[in-house]
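Enquirer: sharing a model that was predicted from the sequence below.
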Amino acid sequence: MKTISEPSVISPIILVLAALTGAVLYITLKGIKFPLLSNPKVALGFLIVLGMTICAQGGIGRIAAVGNWAHPQAILGYILGTVILLVSASIFFNFKLPFITSQQQAFVIIAILLGAKILNAFAHYYLFTRR
């Protein structure tokens, strides 16, 4: 039987995706005119796709490889991802959530939650599974 090796949290692919995510955040939050990111919903879509790709590489992909599905930090990652998707859905489908008054505010909240999710993945890797 072939075993799955545990992927690293930091890889060249994840670094490129993180740089693209940072660029999308910067362009959107500064209001810079950029052809692909002219609409907040499109920018949010890019942000969600990049975040899910990073999660598949260094988050849930690692959890699957080591089999820590019920680890408390894995569960925290699930909760953060669910909240990110809920806030995103509120923007895409135009329903109101308490304490979120604008698309810009939702974008900032999603960016903060993505950062928290990445920090959670780093903490899980460096504190519990790294040997």
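Expert: Alright, I've got the coordinates. Numbers count the residues shown, from 1 in each chain.
Enquirer: show me where this protein has helices.
Expert: Taking DSSP state H as the criterion, the chain contains helices spanning 12-30, 40-54, 60-66, 72-92, 103-124.
Enquirer: the bottom helix or strand of this protein by mean pLDDT?
Expert: Sorting the helices and strands of the chain by mean pLDDT, DSSP states H and E puts helix 60-66 at the bottom, at a mean of 73.
Enquirer: list the contacts of the residue nearest in space to the middle of the chain.
Expert: Nearest to the geometric centre of the chain sits Gly51, at 3.3 Å (CA atoms, centre = their mean). With CB atoms under 8 Å, 6 or more residues apart in numbering as the criterion, the residues that contact Gly51 are Thr21, Ile84, Leu114, Lys117. Where you see a C-beta, it was placed from the backbone N, CA and C, and this is true even at glycine.
Enquirer: repeat that for Val108.
Expert: Leu29.
Enquirer: could you tell me the model confidence score at it?
Expert: According to the per-residue confidence, Val108 scores 90 in pLDDT.
Enquirer: same thing with Phe93?
Expert: According to the prediction, Phe93 has pLDDT 90.
Enquirer: same thing with Ile4?
Expert: Confidence at Ile4, expressed as pLDDT, is 56.
Enquirer: returning to that earlier point: how far away is the residue nearest to the centre of the chain from Pro98?
Expert: In this structure, Gly51 and Pro98 are separated by 23 Å, where distance is defined by CB to CB, to the nearest Å.
Enquirer: again with Ile54
Expert: Taking CB to CB as the measure, Ile54 and Pro98 are separated by 28 Å.
Enquirer: neighbour count: those two, which is higher?
Expert: When Ile54 and Pro98 are compared on other CB atoms under 10 Å, the one with more neighbours turns out to be Ile54, at 23 against 5.
Enquirer: quick check: buried residues in stretch 26-34?
Expert: By neighbour count, and taking 16 or more other CB atoms under 10 Å as the criterion, the buried residues in stretch 26-34 are Ile27, Thr28.
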